[in-house]
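K.L.:
structure for this input, please:
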Amino acid sequence: MSDLEPRLDAAALNAFLARAFPEAGAQLPEVLEVGPGRVLVRQAFATRALRPGGLISGPTQMAMADTAAYAVLLAHIGEVAMAVTTSLTIHFLRGAKPGDLHAEATLLKLGRRIATADILIWSETRERAAAKATVAYAIP
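P.N.:
Model prediction:
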């Protein structure tokens, strides 16, 4: 969906997310880049995200996928706070080593009522992806 121009840039998305989730504080992922049909999001590393074995937990990666999908949707439709997740499917590809977690979300389809995004998650390099998710959002 590279022909779709964003309505919100990274600064506007970060400001909205901070207002929408004030309790998250410094734990809130940061939108680094916004482009046509895509966003790049980073979650600063925190030891609370680790699971036994010293890898970033699955629930942390799932939350990152959901946040990235929300960000790419809002970047393209504007501040629609009540857009909600309708499905999230994730495939864990390899263990996510401790470090900042990154997610690149790409819009697959933006309809009037449902949007679907593809999410790639990594902690080391993009080429060593830890997970791949598909997330759908209902648009009110």
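
K.L.:
measure V39 to I90 for me?
P.N.:
According to Cβ to Cβ, to the nearest Å, V39 and I90 sit 18 Å apart. Backbone N, C-alpha and C define where each C-beta goes, glycine included.

K.L.:
neighbour count winner among these two?
P.N.:
Higher neighbour count among V39 and I90: V39, with 30 against 18, using other Cβ atoms under 10 Å.

K.L.:
how about the more buried one, secondary structure?
P.N.:
strand (DSSP: H, G, I helix; E, B strand; the rest coil).

K.L.:
correct me if wrong: it contacts A75.
P.N.:
Yes: here V39 reaches A75: they are 5.5 Å apart, a contact under Cβ atoms under 8 Å.

K.L.:
and for the helix or strand hosting L88, what's in contact with it?
P.N.:
Using DSSP states H and E, L88 maps to strand 84-92. Applying Cβ atoms under 8 Å, 6 or more residues apart in numbering, the set of residues contacting strand 84-92 from outside is 58, 61-62, 65-66, 69-70, 114, 130-138.
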